[in-house]
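**Q** just coords:
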């Protein structure tokens, strides 16, 4: 077999070695199966041993199963623990200790992740929104002006 090439016993093809995932336990430093075959085998193994890839993920990452997830979601009323959106699917956990905190929608889970669970920065973000959000101010019955607490009012083109 040429250098830099490796045989995959599943798809029965000779492929470049860079198409095989790395392995610390193999003498060659590469898994026996090419990446596509390796991925198929991985999914099959998770389904065989855990029932589904979702169940594997919940058990491996959060030490819970789908029944625990469903019970936690039911305790939250079936909605995101932050915004109340129906049908949240993401497990929120404390990144320092790993404890599960609740079930969140994609946006709320991503938002907490972007702020890296830093309460001080989240408070600063809330302060910023409160200071910069435009508000409708009644000028005359049925006539409103948008005003921002932090920004100066620009003169209108007619003034």
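**A** Everything's here; your move. Worth saying up front: this structure is predicted, and the values here are computed from it rather than measured.
**Q** if you skip the residues just before and after it, what's nearest to residue 94?
**A** Once flanking residues are discounted, residue 94 sits nearest to residue 101: 6.1 Å by CB to CB, 6 or more residues apart in numbering. C-betas here are computed from N, CA, C, even on glycine.
**Q** which element is the one you found on?
**A** strand 100-104 (DSSP states H and E).
**Q** who's in contact with that strand?
**A** Contacting residues not belonging to strand 100-104 are listed as 62, 64, 69, 72-73, 76, 80-82, 88-94, 112 [CB atoms under 8 Å, 6 or more residues apart in numbering].
**Q** Strand partners (parallel or antiparallel) of it?
**A** Neighbouring strands of strand 100-104 in its sheet, by DSSP bridges, are strand 90-93 (antiparallel).
**Q** average pLDDT for the strand it pairs with?
**A** For strand 90-93, the mean per-residue pLDDT is 96.
**Q** Now do the same for residue 18: helix, strand or coil?
**A** helix (DSSP: H, G, I helix; E, B strand; the rest coil).
**Q** Just the pLDDT for residue 147.
**A** 78.
**Q** give me every residue that touches the residue lying closest to it once chain neighbours are set aside.
**A** The shortest distance from residue 147 to any non-neighbouring residue, by CB to CB, 6+ apart, is to residue 137 (4.9 Å). Going by CB under 8 Å, 6+ apart, residue 137 touches 144-147.
**Q** Tell me the secondary structure at residue 137.
**A** Quick answer, by three-state DSSP: residue 137 is strand.
**Q** Quick check: the gap between it and residue 131.
**A** As for residue 137, its distance to residue 131 is 16 Å (criterion: CB to CB, to the nearest Å).
**Q** Just the mean pLDDT for stretch 62-75, thanks.
**A** Per-residue scores along stretch 62-75 average to 96.
**Q** returning to what we had before: and the strand holding residue 101, how far out from the chain middle?
**A** Here strand 100-104 shows a centroid-to-chain-centroid distance of 12 Å under the convention CA atoms, centre = their mean, to the nearest Å.
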